[in-house]
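*Asks:* Structure for the following, please:
(chains A, B and C)
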Amino acid sequence: MNINPRTPEAYKLFHDGILALCRAEQQGFRVDVEYIENKKNQLTRKIERLEQEFQDSDFYKHWQHTVKGKINIYSNQQLAHFLYDIKKIEPPKETVSGQGATDEDALKTLNIPVLNNLLTIRKLKKVKDTYLDAFAREQVNDYIHPFFNLHLVRTFRSSSDSPNFQNIPKRDEEVMKIVRRALFPRPDHQLIEVDFSGLEVRIAACYHKDPNMIRYIEDKTTDMHGDMAKQIFKIDNFSKSEHHVLRQAAKNGFVFPQFYGDYFVNCANNMACGWLKLPAGSWKKGQGIKIQDIYASDHMISKGLTSLSKFEKHVQEIEEDFWGNRFKDYAEWKERWYKLYKKYGYIDLVTGFRCSGVMSKNEVINTPVQGAAFHCLLWSFIEMDKRLTENKMDTKLIGQIHDSMILDVNPSELEEVQRMVRKITCEDLANTWQWINVPLDVEIETYEVNGNWTQKIEEDE
DNA sequence: GGAACTCGCCAC
DNA sequence: AAACGTGGCGAGTTCC
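*Replies:* All right, here's what the predicted structure looks like:
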């Protein structure tokens, strides 16, 4: 696939973008080297203890006997061979190359208690090797300087490396805290994070202009993910707080995957087994996670969804309704867009870039959205950088994660910075790019002065 | 001893 | 008819 800017504005966006990202690199992100060293030692000891425990198990001893040469508990090849060839267990799923899978999902399904031990070891090693070691290795005088690249990603997004600033743990509470405890603002400063709300969904709407989607974006009393949760799980009296988990499952297991081009079989599996922790096959009372005070399986059974295959059929109907009724114009745009690509061999983004070359249907549909959404962030980043520099402010941009930017703020400038950010992202951007036909919004998260990247200041509303 | 691959897992 | 988009990175592994 080839990419190139078709307009002077597109060229300038990347030219200015590189310079602004370069300044963020030079500024860097402060790390607590002493904490990192201590935590690494603590994790190493914990990992050694768990390794010892694992090696004392019968499972390990049996495994060891079957290995020619030296056993390595971190070799997935050895583990797969032992589980699926020696013990002749049926693999819950396979990898791309056809080997029995040994990822978390597969090992949990096997339901062998001692393997949970291995999963814990893996998790702790990941934290130590990928994050803490990388910070210690890359830091210079207590600052890491992650690179931000604009020339590597097929969809015109950015990437980051050395260390990668764009995959710092966030979802797993325990892991998130260990890693983010290491990241600080400059002395007597505070971190803030500016996040575009639902940016890709909104930018997609700029292409397809689906009225139902635009209503979901413009009318704050509506709730797309809530509506989908209601429909998917047949909830009579939906409440955002009570059915929080089901809403999350609908959002991350159905809505987003559908936008990326996934289909009902994967979505049903993902929601039932991944989110609700229900088994494949038919369901019995008392299975899966708890929703309020009832089990997921009890809820599903009470709605006539008594097995994964029944749920799959149900999700298929929902998918048909999703694209056939709810977001009909969006679906029609996808078809038109793909036809145009097949006719001309390229697609033009609203931001003035052209992509040509061999692309799959999903790529053709996702690229313009991901690309243009990131360009909104990049434009805001450049503008913010310009204003901070022009006004000789002490606040600095230090990083960016596709639809968010991170700043190291002098507390005396906090209010001004918040005003500037809101004006740039919610007003100036849409005034500059006329194709933006929906409101854009940001969420600003503020952290304690001298606080690390876990110490958020909770605002009262 | 390095390049290139697979696998698993972190982010959006 | 087919079926999840974009990255980086570490460990293990294979090949040269």
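*Asks:* near DNA strand C, which residues of chain A?
*Replies:* Contact residues, chain A versus DNA strand C (Cβ under 7 Å from any atom of the strand): A:72, A:74-78, A:125, A:129-130, A:133-134, A:149, A:152-155, A:157, A:159-164, A:166-167, A:256-257, A:260-263, A:265-266, A:270, A:360, A:362-363, A:366-367, A:370. Every C-beta, even on glycine, is put in place using the N, C-alpha and C of the backbone.
*Asks:* From A:I18, how far off is the residue nearest to A:T367 when sequence neighbours are not counted?
*Replies:* Once flanking residues are discounted, A:T367 sits nearest to A:T155: 4.6 Å by Cβ to Cβ, 6 or more residues apart in numbering. Relative to A:I18, A:T155 is positioned 18 Å away (Cβ to Cβ, to the nearest Å).
*Asks:* With A:N431 instead?
*Replies:* Using Cβ to Cβ, we find A:N431 at a distance of 24 Å from A:I18.
*Asks:* Which one's more surrounded, those two?
*Replies:* Applying other Cβ atoms under 10 Å to A:N431 and A:I18 shows that A:I18 carries more neighbours, namely 15 against 8.
*Asks:* The more buried one against A:S158, yeah?
*Replies:* No. Contact between A:I18 and A:S158 fails when scored by Cβ atoms under 8 Å: they sit 10.1 Å apart.
*Asks:* what sits in contact with each of these two?
*Replies:* Here A:I18 and A:S158 have A:L150 as joint contacts, going by Cβ atoms under 8 Å, 6 or more residues apart in numbering.
*Asks:* so where do the strands sit in chain A?
*Replies:* Counting by DSSP state E, chain A has strands at residues A:2-5, A:29-31, A:143-144, A:147-149, A:159-161, A:183-184, A:190-196, A:290-291, A:294-295, A:346-348, A:353-356, A:396-400, A:404-409, A:442-446.
*Asks:* Using a markdown table, please lay out those together with mean neighbour count.
*Replies:* A markdown table is the format used below for those (neighbours: other Cβ atoms under 10 Å):
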| stretch | mean neighbour count |
| --- | --- |
| strand A:2-5 | 14 |
| strand A:29-31 | 23 |
| strand A:143-144 | 20 |
| strand A:147-149 | 17 |
| strand A:159-161 | 16 |
| strand A:183-184 | 24 |
| strand A:190-196 | 22 |
| strand A:290-291 | 16 |
| strand A:294-295 | 16 |
| strand A:346-348 | 18 |
| strand A:353-356 | 20 |
| strand A:396-400 | 24 |
| strand A:404-409 | 24 |
| strand A:442-446 | 16 |
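*Asks:* so can I have JSON lines of the ones you listed showing mean pLDDT and distance to A:N38?
*Replies:* Formatted as JSON lines, the strands of chain A follow (pLDDT from 0 to 100; distance: least, Cβ to Cβ, whole Å):
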{"stretch": "strand A:2-5", "mean pLDDT": "68", "distance to A:N38": "45"}
{"stretch": "strand A:29-31", "mean pLDDT": "95", "distance to A:N38": "13"}
{"stretch": "strand A:143-144", "mean pLDDT": "94", "distance to A:N38": "18"}
{"stretch": "strand A:147-149", "mean pLDDT": "90", "distance to A:N38": "27"}
{"stretch": "strand A:159-161", "mean pLDDT": "89", "distance to A:N38": "26"}
{"stretch": "strand A:183-184", "mean pLDDT": "95", "distance to A:N38": "15"}
{"stretch": "strand A:190-196", "mean pLDDT": "96", "distance to A:N38": "22"}
{"stretch": "strand A:290-291", "mean pLDDT": "88", "distance to A:N38": "37"}
{"stretch": "strand A:294-295", "mean pLDDT": "92", "distance to A:N38": "42"}
{"stretch": "strand A:346-348", "mean pLDDT": "91", "distance to A:N38": "51"}
{"stretch": "strand A:353-356", "mean pLDDT": "87", "distance to A:N38": "46"}
{"stretch": "strand A:396-400", "mean pLDDT": "95", "distance to A:N38": "24"}
{"stretch": "strand A:404-409", "mean pLDDT": "96", "distance to A:N38": "24"}
{"stretch": "strand A:442-446", "mean pLDDT": "95", "distance to A:N38": "27"}
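*Asks:* can you put these in TSV and add distance to A:R45?
*Replies:* Listed next are these as TSV, based on distance: least, Cβ to Cβ, whole Å:
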stretch	distance to A:R45
strand A:2-5	48
strand A:29-31	22
strand A:143-144	25
strand A:147-149	33
strand A:159-161	30
strand A:183-184	23
strand A:190-196	30
strand A:290-291	35
strand A:294-295	38
strand A:346-348	53
strand A:353-356	50
strand A:396-400	31
strand A:404-409	32
strand A:442-446	33
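*Asks:* Those strands: which one's closest to A:L308?
*Replies:* Closest to A:L308 of those, according to Cβ to Cβ: strand A:294-295, at 15.6 Å.
*Asks:* What strands line up against that closest one, and which way round?
*Replies:* Strands flanking strand A:294-295 in the sheet, each with its direction: strand A:290-291 (antiparallel) (DSSP bridges).
*Asks:* List the contacts of the strand it pairs with.
*Replies:* Applying Cβ under 8 Å, 6+ apart, the contact partners of strand A:290-291 are A:243, A:245-246, A:296, A:299.
*Asks:* again, only this time at 6 Å
*Replies:* Contacts to strand A:290-291, defined as Cβ atoms under 6 Å, 6 or more residues apart in numbering, come from residues A:H299.
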